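Colleague: Using only what follows, build the 3D model:
(chains A and B)
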Amino acid sequence: GQNIDQPTEMTATEGAIVQINCTYQTSGFNGLFWYQQHAGEAPTFLSYNVLDGLEEKGRFSSFLSRSKGYSYLLLKELQMKDSASYLCAVRLNTGGFKTIFGAGTRLFVKA
Amino acid sequence: DSGVTQTPKHLITATGQRVTLRCSPRSGDLSVYWYQQSLDQGLQFLIQYYNGEERAKGNILERFSAQQFPDLHSELNLSSLELGDSALYFCASSVGAGASNEKLFFGSGTQLSVL
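Modeller: A predicted model of the protein is given here:
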């Protein structure tokens, strides 16, 4: 089956750096996404990786290792507004494209 | 604002009933995706339509059905509702059929409560 694992919750301090890990076991891998979802709101796109390596976008970076089925999202200079759920998602090509999501990691940023 | 419109925002109904959720994609987007999000689970992929045709299917129950109309809006029909169907239902859209780098734009969701 298709499986995506990420930690349920993490806590970090304002101004610090946090790394949220994601491992996946899937067939038909076609790209990995990270989305941010504030409580009660819709998910919004953060980053995309399809090749191995690091993609940097401002305070957020995302890394992918396809051979290890592993990705992480790195958030720097944490702000209180970064308190949200972070969803790891994998796009699959299994005779049709579909994007499946992990259960999400709830990040709490404390002062 | 993602540009994806979902109605209604909230829906309260009873077990055994049938409801219809509606989604209008962003202007220019041809694909519509439906997801279910329960409190204890992540986003569960239900189904995708591209330009009016079903493209991919996830764990969608037989009691659920969907379609995409010529004007590209989509409807998700949920019938014989059970308590466990209570969840937040999201619609998302993308430009094409789901090429690898296409990101999804999500609507604000419909909160369904089955009592």
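
Colleague: For the residue lying closest to A:P7 once chain neighbours are set aside, give its distance to B:E53.
Modeller: Take A:P7 and drop its neighbours on the chain: the residue closest to it by Cβ to Cβ, 6 or more residues apart in numbering or on different chains is A:T105, 5.2 Å away. All C-beta atoms are positioned from the backbone trio N, CA, C, and that covers glycine. In this view, A:T105 and B:E53 are 35 Å apart by Cβ to Cβ, to the nearest Å.

Colleague: With neighbour numbers in mind, choose between these two.
Modeller: For A:T105 and B:E53, the more surrounded residue by other Cβ atoms under 10 Å in any protein chain shown is A:T105, and the numbers stand at 20 against 10.

Colleague: buried ones in stretch A:81-88?
Modeller: A:D82, A:S83, A:A84, A:S85, A:Y86, A:L87, A:C88 (16 or more other Cβ atoms under 10 Å in any protein chain shown).

Colleague: Restricted to helices, list those.
Modeller: Among the buried residues of stretch A:81-88, no member is found in helices (DSSP state H).

Colleague: burial measure for residue 66, as a count.
Modeller: The chain I'm using is chain A. A:R66: 14 surrounding residues under other Cβ under 10 Å.

Colleague: nope, chain B please
Modeller: 23.

Colleague: With the one 5 residues further on instead?
Modeller: Taking other Cβ under 10 Å as the criterion, the count of residues near B:D71 is 9.

Colleague: Identify the bridge partners of the closest residue to chain B within chain A.
Modeller: Residue nearest to chain B within chain A: A:F97 (2.9 Å; Cβ to the nearest Cβ). Note on A:F97: beta-bridge partners by DSSP bridges are A:N93.
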